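Starting from these lines, generate the structure:
(one chain, ligands or ions: 1)
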Amino acid sequence: MSHPLFDLSGRVAMVSGAASGMGKQMAIGFAEAGADVVLADINLPGADRTADAIASLGIRTLAVECDVSDVEQVRSLYRTIDDEFGRIDIVGNVAGEGHTGRPEELPVEKLEEVLQNLVVGRFTSCQEAGRRMLKQGKGSIINFGSIGGWNSLGRGHTPYGMAMAAGIQMTRELSTEWASRGVRVNAILPAQVWNDGLRARVRAVPELEQTFLGGIPMGRLGNAEEIKGPAIFLASDASSFVTGAILPMDGGNLAMNAGGTYPGSPRAYA
Ligand SMILES: NC(=O)c1ccc[n+]([C@@H]2O[C@H](COP(=O)([O-])OP(=O)(O)OC[C@H]3O[C@@H](n4cnc5c(N)ncnc54)[C@H](O)[C@@H]3O)[C@@H](O)[C@H]2O)c1
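Next up is the predicted model:
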């Protein structure tokens, strides 16, 4: 039996990055909880495949090709939502690529690209959603951050970490601005969650998996499906008094000191 507080029936959600990984699973989770879902991704055939999975649940859905780093494409996405659904209740800003490179060698143009993508593009989505939700007097925005926006990952993550940290602070600012008018803004910070890119990196450098595991007290990486629970919680009335929360989804990573270890850790526990 499911609890009515988690019921998303009658609501319209938009999820970016919905063609694969956590965006796809978040979108399917919202649909399973009853929401209509708009799927935004640069990979339209992939978003169409997610739409097929959602339509088979008997839920209304629409895949839209959108590059979230392009302000005009994000605005156009929300105009499409207006035309097709007439409202927006839930937003999952998931898509957003970084760039890795040693800071002393990084072309500043690459930093600008990452900031455009993860900060400017994401702010535009929050702004477009926020304007509509403020008129409705209700809405929930979920921004994707990363543990790499909370403390540093090294390994060339400077631009990604800077951008993710900005997204976390944007979440706090927007939550303060909009809380009294019914719009909640929260962030989820995943640690390493398996996706195609991560599998390729671990195939190329197998020791990397041990490096990740050394920082995750649960002793495993995350799976994309595990986004469903936190996302449905933050989207739904189950979290009606929760805003400005920065929720780690990290198997205990941020709780542990960088020099800490846990039973079963690949690092010494003594
Ligand atoms: N997987 C992790 O370990 C991890 C950890 C922390 C944060 N994150 C963040 O979460 C996001 C999702 O991770 P994932 O594992 O689901 O990744 P993924 O690679 O499985 O999916 C990313 C999706 O975003 C889409 N996308 C990429 N750039 C886009 C753009 N400019 N506009 C629209 N769509 C775009 C891709 O086509 C893809 O469908 C990542 O982008 C990352 O910022 C991931």
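
For the residue of the stretch 151-270 of the chain found nearest the ligand, give me its contacts.
Nearest to the ligand in the stretch 151-270 of the chain, going by C-beta to the nearest ligand atom, is residue 195, at a distance of 3.4 Å. To be clear about C-beta, it is placed using only N, CA and C from the backbone, and glycine gets the same treatment. By C-beta atoms under 8 Å, 6 or more residues apart in numbering, residue 195 lies in contact with 20-22, 224.

Which residues outside stretch 166-181 are in contact with it?
Residues outside stretch 166-181 that contact it (C-beta under 8 Å, 6+ apart) are 96, 115, 118-119, 122-123, 126, 130, 133-134, 137, 141, 143-145, 149-150, 183-187, 189, 243-244, 246.

Among those residues, which lie within strands?
Judged by DSSP state E, strands contain the following of these: 141, 143-144, 183-187, 189, 246.

out of the residues you listed, which touch the ligand?
Taking C-beta under 6 Å from any ligand atom as the test, the ligand is in contact with residue 144 out of the ones in strands among the contacts of stretch 166-181.

Could you pick out the buried ones from the ones in strands among the contacts of stretch 166-181?
The neighbour count (16 or more other C-beta atoms under 10 Å) marks 141, 143-144, 183-187, 189, 246 as buried among these.

Widest-spaced pair of these?
The distance between the two most remote of these (C-beta to C-beta) is 20.6 Å, for 183 and 189.

pLDDT on the helix or strand hosting residue 229, on average?
In this structure, residue 229 sits in helix 228-235 according to DSSP states H and E. Average pLDDT, helix 228-235: 98.

Distance from the chain centre to it, please.
Distance of helix 228-235 from the chain centroid (C-alpha atoms, centre = their mean, to the nearest Å) equals 11 Å.

what about dumping the CA coordinates of it to PDB?
The C-alpha coordinates for helix 228-235 follow below in PDB (Å, rounded to 0.1, in the frame of the first residue of the first chain):
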ATOM      1  CA  LYS A 228      13.600   7.500  -7.300                       C
ATOM      2  CA  GLY A 229      13.000   7.600  -3.500                       C
ATOM      3  CA  PRO A 230      14.700  10.900  -2.700                       C
ATOM      4  CA  ALA A 231      13.200  12.500  -5.900                       C
ATOM      5  CA  ILE A 232       9.600  11.400  -5.200                       C
ATOM      6  CA  PHE A 233      10.000  12.500  -1.500                       C
ATOM      7  CA  LEU A 234      11.200  16.000  -2.600                       C
ATOM      8  CA  ALA A 235       8.700  16.400  -5.400                       C
END
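
buried stuff in that helix?
228, 230-235.

repeat for stretch 255-270
For stretch 255-270, burial by neighbour count (16+ other C-beta under 10 Å) applies to 256, 261-262, 265.

tell me the secondary structure for residue 40?
What DSSP: H, G, I helix; E, B strand; the rest coil gives for residue 40 is strand.

Can you verify my assumption that it contacts residue 62?
No - if you go by C-beta atoms under 8 Å, residue 40 and residue 62 don't touch, sitting 9.5 Å apart.

Looking at the two, which one has more neighbours?
Taking other C-beta atoms under 10 Å, residue 40 and residue 62 do not tie; residue 40 has more neighbours (33 against 19).

mind checking how far that one is from the ligand?
Look at residue 40 and the ligand: by C-beta to the nearest ligand atom, to the nearest Å, they are 6 Å apart.

Residue 4 now?
Distance, residue 4 to the ligand, using C-beta to the nearest ligand atom: 29 Å.

For residue 44, give me its contacts.
By C-beta under 8 Å, 6+ apart, the neighbours of residue 44 are 19, 63-65.

Setting aside sequence neighbours, what's the nearest residue to residue 132?
Spatially, and ignoring its direct neighbours in sequence, residue 132 is nearest to residue 88 (5.1 Å; C-beta to C-beta, 6 or more residues apart in numbering).

In terms of secondary structure, what does the host helix or strand of residue 84 contact?
Using DSSP H and E, residue 84 sits within helix 71-85. Other elements packing on helix 71-85 under the criterion 3 or more C-beta pairs under 8 Å, 6 or more residues apart in numbering; DSSP states H and E are strand 12-16, strand 36-41, strand 61-65, helix 121-136.
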